[in-house]
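Trainee: below are the sequence and a predicted model; questions follow.
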Amino acid sequence: MAWADHEWLGWWGDEPPFHTPVFVMTHYERPSFTLGDTTFHFVDGDPATVLEQAKKVADGKDVRLGGGVTTVKEFLDADLVDTLHVVVSPVTFGSGLRLWESPDELLDRFHLDVVPSPSGVTHHLFWRK
């Protein structure tokens, strides 16, 4: 799992939910540390470098990307994403960063299924062509 440094701090207290190694993309490298059964590694690198480190540790298992718009866009722009699940809620919070203007922007590289749910959110499921 790769996160940008500011996107994960303090979300879960002393027991993070990951139960796997986590690579945190940061411009402020610091020593790794462990909470529960999760070890956090702080890496100052581009998405390809961080992904390569995560793949080595994953030893053939899936590597998941977590984070905000900036982190996800960096990995998408580097063409490092195989599948993507985005949940869109019809709530306007004001200004902010957008993952896209339209999900159609990714159709040159991905298949797309759009699945509405009764709760009002829409799931955008992408997988590589």
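Mentor: Received the coordinates, thanks. Numbering: from 1, shown residues only.
Trainee: can you pull the contacts of Lys55?
Mentor: Neighbouring residues of Lys55 by Cβ atoms under 8 Å, 6 or more residues apart in numbering: Val63. From N, CA and C alone the C-beta is placed, and that goes for glycine too.
Trainee: go again using 10 Å as the cut-off
Mentor: 61-63 (Cβ atoms under 10 Å, 6 or more residues apart in numbering).
Trainee: just send those back as TSV, with distance to Leu97, neighbour count and pLDDT too.
Mentor: Below are these laid out as TSV (distance: Cβ to Cβ, whole Å; neighbours: other Cβ atoms under 10 Å; pLDDT from 0 to 100):
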residue	distance to Leu97	neighbour count	pLDDT
Lys61	30	9	92
Asp62	26	10	92
Val63	23	20	92
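Trainee: excluding chain neighbours, what is closest to Leu125?
Mentor: Excluding its sequence neighbours, the residue lying closest to Leu125 (Cβ to Cβ, 6 or more residues apart in numbering) is Asp113, at 4.5 Å.
Trainee: buried set for the one helix or strand that neighbour maps to?
Mentor: Asp113 is located in strand 110-116, with elements delineated by DSSP states H and E. For strand 110-116, burial by neighbour count (16 or more other Cβ atoms under 10 Å) applies to Phe110.
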